[in-house]
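Enquirer: pasting a predicted model and its sequence here:
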Amino acid sequence: MATKRFQRGVFGLRAIVVLSVLALGWAAARIGADENIPLETLKEIKSATVFIKMEFVVQGVARRIPASGSGFVMLVTPKEAFIVTNHHVVTPPKKSPFKMQAGGLPTLVFFSGTRKEKVVTAKIVASDPSRDLAVLSVPAFEGMPKAIARDNKIELVETMGVFMFGFPFGQALSTNKGNPAITVGKGSVSSIRENERGEVQLVQIDGDLNPGNSGGPVVDSKGRLIGVAVAKIGNTRIGMAIPAQELSKMLLGRIGSISVVNIPRVPGEVDFKVQVQLIDPMHKLKEVSVLYRQANSETSALKAGQDGAWPALPGGTKVQLKLDGQSSAGSFRAKLTEKTGKVTFAVQASYVDGAGRTHYTQPAPYIVDLGKLIAGGSSPDKGPEVKVTGDNLAQQPRALGTISVNELKVNVKDMPACICWSADGKSFFLLESDGVVRRVKMGEFREELKMDAGSRCSWLSLSGEGLLLTVADRQEVWLLDPATFKVKKRFEVASAERAVSSPGLSVAFAMGRDSMTAIDLKTGTAKEYSPRDFPGGFGVGFAMPVVTPDGKYLFTMGGLEQLHRFKIDGLVLSHEEASQRIAQNGQGIAVSPDSKCVCLPSGGGNYNNLKNHPSVSPYSTYIYPTGNLNRPMFTINQGAYPRAVAFDAKNKKIYSQNHDHQFIIFNDSGRKLQEFKLAPRGDETRQIVSHPDGNRALVLTSNNLFFVEVGK
C-alpha cells in the first residue's frame, strides 16, 4: 500500500506528495544516469547516497509499518559521518488515521543493492519540521563514501540540468527481495520559488521524483548540491527540492520549538521555566537567551523588518539559557503588582549562530493565570449537625483459611468507592451517597462521628488541610476538620463530581465533566484547566483522578483508554506522560502508599501485545513504576473482571479480586499466593483499601464492607 501524505507549512504549498515510502506495493521503471555527468563524479555521488529504512508502530494495536527514503553523506570526520535527509523520512506521518511512533532508530544502507552493501544504525542528531530537514550521524567506518560538495554560490537559473539520486519506491524495485540499487534521474530547473524577502525557498524541478526519493540529493552536472528532494505535485512530473542554502543555515544552528511554563508562587511573584529545542547538528550555536516583559501596546505593535528579521523586545529583561546538546533551558522570576486574574507576558528567544550573527524570534504572548478567588472561607452558617453515636459496627469475626474476616454493619448500597484511612491509621472514613459521612474507630469498629451534609455527595478524600467532601448537588467542595467534622471552608466548583488530594498536599483537584479545577485549600485561589491546556488536547482526560500520597503526581484516565501522569507544582499541572492504550473498561486507578507503583485495573483486563510490555494472560493488570507508564515492572493475573487493586507496601503484598473471589493476595513480583471467597459469587468487590501499617484491609463489595486481617 502506498501512502500519500500532504504537506503544508513553511513552503506554503498544498497537495504536494511527500516522497517517503510507507508499506509499498507498486513498481516503477528505472531512469538511467545522464552521460554528461563525469563518470568519477557520478560514482562518488552514487556512493554518498544512502537508503534509509524506518519502522513506525501504530499505538495500541502493535502493528508495525515499514517506511523508507533517501539521504546523502554531507560531512565525514575521523570519528563519524553526517547524513542529510528529510524530517518526514525519520518521523511518523501526521496525516494518518492512527497515532504512530517510531519503532526504533533509522537504519542506513550504504552502497545499497551492491556487494559492498553495509547496514548501519544511525542517530537523529537534529531535525527541523518547518523546513523538512534532518541530520543523522553514524560512526565512521573503513571505506566511508566522500561527502557531496556544497557550494552556496551556485547560480540557479531556469532550464539548467539537474540530476536526482535516491531510492524511489523503496524495496519495490529490488530484484532479490533485498535492498534496492540506486536510481539516478534527470530533470531541469523549471522555477525558482522565492519568499517575500527574495530568498530561494523551493526549487521546482521538471523531472521524475517519486515516493522514496525524499531526502536524496539533487545536483548539477558538476556534482554540486542544488538541493534536497522533498515532494512532487500529485499526478505530474513536477518535483520540489529544498535549496542547499537552507541546509547551510541549518548547519549554523537555529532555534526550534520553545516551551514556557509559568508557576505562580506567593502573591505578586511568578516563576517561568523555559525549554528551547535547538536545531544545531554541528553544535555551532554560541548563545541562547530569552527576553521577557509584561506585554503592552508597544510589544503588540512590534513588527519584523523588510528582511524578515525581528528586532529585540523593547524594554525586555534578558536571561541567558544553558546549552545542553540539542536543548537549552533556564528559569527566571517576575514580579507583579496583581494578585489574581490573568496577566500577559511577551517572551522572545534570541540566539547567536555559528557565523556570529544574532537572531531574534517573534515575541510570543504567554498568559500567567494567577487564579481567581473562589468562595472559600469560614462557613457562613453553623454547618450540618454532627453526632457522636458510639454505634458498634462490628460483628463476630470469622476465620477463613489464613485470614480473619469481620463483616461490618454498614449500609453500602450506592456507597462511593472512596473509603480512606485517617492520617494516623487509627480511624477510617465512609461516605454514603445521600451525604452521610462517618468516622469509624479502627479495631473497636465503633462509629465515632456522624454528619449528614443534607445533599447528595459523590466523593471523599484526605488532604493535608483536612477531609475533602465533594457535595455534588450543591456544586461545592467542603473542607472538614477530620477530628470534629466541622466545615472549615466551602469552595464553589461548577459540576464538581470528585475532588482529590493527599495527606501531604494543601492543594485539591476537583474534576467536572470536561474540566478540572486546582484549588489552594489555604488561600482559596483556584486555577481551571481543560483538555486543550495540555499537549494532545482532546487526547487528555480527567477521569478517575488519584493523587500519589507524596503529593508529587496526579494520575487520570483519558484519551484512548490511557493512563496519564501530571506533575503537581502548586496549582500548576504539567502533563508528563501517557501510557499506551491499556484499559478495557477501566475501573479505577490504584497507587501504592509509598508512591512507587501505579496501575489501572480494567474489567476486560489490560490490553496485550503492547510495545515494551510482556505478553500476558487474559484479565491481567500491568503494574508500572509511577515514573514510567510505558514499561511495567511486572503484571498480576487476577482472572475474570478485575476491578480493584491495593498495595501493601510495608509487607510487600498486593491485594485484588476477580468475579469468583472477593480477595486475592499476590506477592510484590506478581505471583498469586492465595484467593478467598468472602461472600457468595456475584457480590463484586468495588474497592480494597490497605491499612497504612499493612496486613489489614477494608474490602467494599456490592453488598458488604469487610475488614480483613492477613496472617503474616
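Expert: Done, it's in.
Enquirer: drop to CA atoms for contacts and neighbour counts, all remaining ones
Expert: OK.
Enquirer: could you find the closest non-adjacent residue to the residue positioned nearest the centre of the chain?
Expert: The chain has Glu577 as the residue nearest its centroid, 4.2 Å off, counting by CA atoms, centre = their mean. Nearest residue to Glu577 in three dimensions, chain neighbours excluded: Arg565, at 5.4 Å (CA to CA, 6 or more residues apart in numbering).
Enquirer: is it true that the one you found touches Thr556?
Expert: Yes: Arg565 lies in contact with Thr556 (CA atoms under 8 Å); the separation is 6.8 Å.
Enquirer: the stretch 601-712 of the chain: strands as residue ranges?
Expert: Assigned by DSSP state E, counting those that start in this stretch, the strands in the stretch 601-712 of the chain fall at 620-625, 634-637, 646-648, 653-656, 663-667, 672-676, 685-690, 696-701, 705-710.
Enquirer: which elements pack onto the fifth one?
Expert: Strand 663-667 sits against strand 653-656, strand 672-676, with contacts defined as 3 or more CA pairs under 8 Å, 6 or more residues apart in numbering; DSSP states H and E.
Enquirer: what lines up beside the first one in the sheet?
Expert: Strand 653-656 has its sheet partners listed here by DSSP bridges as strand 646-648 (antiparallel), strand 663-667 (antiparallel).
Enquirer: name the surrounding residues that touch that strand.
Expert: 638, 642-648, 662-668, 670, 688 (CA atoms under 8 Å, 6 or more residues apart in numbering).
Enquirer: just the buried ones from the residues you listed?
Expert: By neighbour count, with 16 or more other CA atoms under 10 Å, those hold 638, 642-648, 662-668, 670, 688 as buried.
Enquirer: out of the helices and strands packed on strand 663-667, which one sits most buried?
Expert: When you average the neighbours per residue for each of those (mean count of other CA atoms under 10 Å), strand 653-656 leads with a mean of 24.
Enquirer: which helix or strand contains Thr41?
Expert: Of the helices and strands defined by DSSP states H and E, Thr41 is found in helix 39-48.
Enquirer: send me the helix or strand that comes right after that helix as CSV with only the CA atoms.
Expert: Next in sequence after helix 39-48, counting helices and strands by DSSP H and E, comes strand 49-58. Extracted as CSV, the C-alpha positions of strand 49-58 are listed here (Å, rounded to 0.1, in the frame of the first residue of the first chain):
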residue,chain,number,x,y,z
THR,A,49,23.6,8.4,-1.4
VAL,A,50,22.1,6.1,1.2
PHE,A,51,19.0,4.1,1.5
ILE,A,52,17.1,4.9,4.8
LYS,A,53,14.7,2.4,6.4
MET,A,54,12.3,3.2,9.3
GLU,A,55,9.7,1.4,11.1
PHE,A,56,6.6,3.0,12.7
VAL,A,57,4.4,1.4,15.3
VAL,A,58,0.6,2.0,15.5
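Enquirer: which neighbours does strand 49-58 have in its sheet, and in what orientation?
Expert: Partners of strand 49-58, by DSSP bridges, with direction: strand 63-76 (antiparallel), strand 100-102 (antiparallel), strand 107-110 (antiparallel).
Enquirer: show me what contacts Lys46?
Expert: The contact partners of Lys46, by CA under 8 Å, 6+ apart, come to 111, 165, 182.
Enquirer: how close does it get to Asn86?
Expert: Using CA to CA, to the nearest Å, we find Lys46 at a distance of 18 Å from Asn86.
Enquirer: show me the contacts for Arg565.
Expert: Arg565 sits next to 553-556, 575-578 when contact means CA under 8 Å, 6+ apart.
Enquirer: show me where this protein has helices.
Expert: Using DSSP state H, the helices found in the chain span residues 39-48, 87-90, 244-251, 297-300.
Enquirer: which stretch in these has the least confidence?
Expert: Among those, helix 297-300 has the lowest mean pLDDT, at a mean of 79.
Enquirer: so how far is it off the chain centroid?
Expert: Mean-position distance between helix 297-300 and its chain equals 34 Å (CA atoms, centre = their mean, to the nearest Å).
Enquirer: what comes into contact with that helix?
Expert: With contact meaning CA under 8 Å, 6+ apart, helix 297-300 is reached by 313-314, 346.
Enquirer: pull it out as PDB, backbone CA atoms only.
Expert: Extracted C-alpha coordinates of helix 297-300, given in PDB (Å, rounded to 0.1, in the frame of the first residue of the first chain):
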ATOM      1  CA  SER A 297       0.800  48.300  23.400                       C
ATOM      2  CA  GLU A 298       4.500  48.700  22.500                       C
ATOM      3  CA  THR A 299       5.100  45.000  22.400                       C
ATOM      4  CA  SER A 300       1.900  44.300  20.500                       C
END
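Enquirer: give the buried residues for that helix.
Expert: Neighbour-count burial for helix 297-300, counted by 16+ other CA under 10 Å, picks out Thr299.
Enquirer: what distance separates stretch 476-490 from the centre of its chain?
Expert: The chain centre lies 36 Å from the centre of stretch 476-490; the measure is CA atoms, centre = their mean.
Enquirer: first to last residue in that stretch, what's the distance?
Expert: 7 Å.
Enquirer: shouldn't Pro416 be in contact with Glu432?
Expert: Yes: if you go by CA under 8 Å, Pro416 and Glu432 touch, sitting 6.8 Å apart.
Enquirer: more crowded one of these two?
Expert: Glu432 (23 against 18; other CA atoms under 10 Å).
Enquirer: that one contacts Val410, doesn't it?
Expert: No: in this structure Glu432 lies outside contact range of Val410 using CA under 8 Å: 9.6 Å.
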